[in-house]
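Novice: this one's structure only:
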């Protein structure tokens with residue numbers, strides 16, 4: 001194969017939600033690796049909500065992706081050729097690189113998958129950035145204790161499904177928030193949620209109140225908006241909030257959001273980016289101190305059956321733009337991945 005397909009950023013989002021119109025599939029020559037470099041065959045891509053900031057140029061922590069350059073994100077691959085002393089052909093690696101069939105790297109910020117990995121895709125799901133975020137949220141930012149009530153926003157998302165299972169492993173009562181009754185049933189069955197509420201239910205706030213009769217001790221907030229407004233009045237004294245994301249941000253332009261949720265969402269955006277105590281989560285702040293503990297604990301939880309990673313995999317590089325749009329429209333069930341090649 002002498003060609004290298006890649007997904008480039010063709011335009012900024014027109015409708016706030018990053019739709020397939022933002023991207024274009026094109027073909028480039030196969031890249032060669034020089035001295036000190038290695039060529040990686042991409043196997044799998046991770047669809048992560050935080051990439052929204054790189055696409056929209058809204059975060060001081062994310063260098064924006066330029067127009068007509070390849071989209072980038074967390075990825076898994078196999079070393080195909082190497083002139084680097086630390087990497088050999090055939091090794092599996094994970095890192096952050098372009099959405100394309102082949103990439104050339106100097107080895108920086110690559111991780112060999114030489115720890116006890118139950119399956120290769122777990123590098124992007126159970127051991128990936130979203131799962132690490134869930135771990136930090138419940139271990140460091142808003143530690144959950146046995147018997148407490150934990151509410152998890154977008155409970156079937158990449159971060160939410162792991163956060164729900166960690167909270168259950170800690171002996172907590174876990175209430176999930178999802179986008180449909182069908183997802184609620186899936187969450188109750190697959191994740192062991194004690195209760196679950198669809199944020200699209202007309203009586204959403206009342207149902208959250210019923211599900212959390214004794215109040216909320218820990219809130220893993222991944223969306224803001226009406227979910228945040230429903231949970232805040234239920235917070236117990238000394239309750240903890242881990243502000244992990246703003247999945248409701250794409251709805252800023254909708255009439256229901258104007259005025260009612262705009263101030264709350266703007267505030268939560270600052271909570272995350274300024275690390276204001278509620279505690280805002282930016283996973284890069286914790287990599288050095290906590291990554292090894294995370295891998296150890298996650299490995300033990302998976303081996304014991306306390307955590308069963310939930311993966312939602314689609315096939316084909318050409319499907320990446322649609323798969324990315326889907327996570328903002330709540331179409332994924334678990335961690336959305338795009339499988340590129342065997």
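Specialist: Thanks, I have the structure now. Since we're looking at a predicted model, the values are computed, not measured.

Novice: could you chop the chain up by domain?
Specialist: Using automatic domain parsing, the domain parsing of the chain gives 3-125+310-339, 129-304.

Novice: weakest of those domains by average pLDDT?
Specialist: For the domains of the chain, mean pLDDT drops lowest on domain 129-304, to a mean of 86.

Novice: flag every buried residue along the helix or strand hosting residue 76.
Specialist: Assigned by DSSP states H and E, residue 76 belongs to strand 72-82. By neighbour count with 16 or more other C-beta atoms under 10 Å, strand 72-82 contains the buried residues 72, 73, 74, 75, 76, 77, 78, 79, 81, 82. Any C-beta I mention is one placed from the backbone N, CA and C, and that applies to glycine too.

Novice: re the thing from before, can you say which of the domains of the chain is packed in most?
Specialist: The highest mean neighbour count among the domains of the chain, using mean count of other C-beta atoms under 10 Å, belongs to domain 129-304: a mean of 20.

Novice: SS state for residue 65?
Specialist: coil (DSSP: H, G, I helix; E, B strand; the rest coil).

Novice: would you agree residue 167 is in contact with residue 144?
Specialist: Yes: with contacts counted by C-beta atoms under 8 Å, residue 167 reaches residue 144, the gap being 5.3 Å.

Novice: between these two, what contacts are shared?
Specialist: Counting by C-beta atoms under 8 Å, 6 or more residues apart in numbering, the contacts common to residue 167 and residue 144 are 138, 150, 218.

Novice: want to throw those residues into TSV with secondary structure?
Specialist: TSV is the format used below for the shared contacts of residue 167 and residue 144 (three-state DSSP):
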residue	secondary structure
138	helix
150	strand
218	strand
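
Novice: and which of the residues you listed is nearest residue 7?
Specialist: residue 138 (33.4 Å; C-beta to C-beta).

Novice: does residue 165 touch residue 306 like I think?
Specialist: Yes: because the distance of 6.8 Å satisfies C-beta under 8 Å, residue 165 is recorded as touching residue 306.

Novice: and the helices in the stretch 1-150 of the chain, which stretches?
Specialist: Assigned by DSSP state H, counting those that start in this stretch, the helices in the stretch 1-150 of the chain fall at 51-56, 129-136.

Novice: from the contact counts, what lies against the first one?
Specialist: It stands for helix 51-56. Contacts defined by 3 or more C-beta pairs under 8 Å, 6 or more residues apart in numbering; DSSP states H and E place helix 51-56 against strand 72-82.

Novice: and what of the longest one?
Specialist: Judged by 3+ C-beta pairs under 8 Å, 6+ apart, the packing partners of helix 129-136 are helix 158-169, helix 287-304.

Novice: among those helices, which is nearest residue 181?
Specialist: Nearest to residue 181 among the helices and strands packed on helix 129-136 is helix 158-169; the distance by C-beta to C-beta comes to 16.7 Å.

Novice: quick check: which helices or strands does the helix or strand that the closest one is followed by pack against?
Specialist: Sequence-wise, the next helix or strand downstream of helix 158-169 (DSSP H and E) is strand 173-178. On a contact count with 3+ C-beta pairs under 8 Å, 6+ apart, strand 173-178 meets strand 149-152, helix 158-169, strand 195-198, helix 204-211.

Novice: that concludes my questions; thank you for your assistance.
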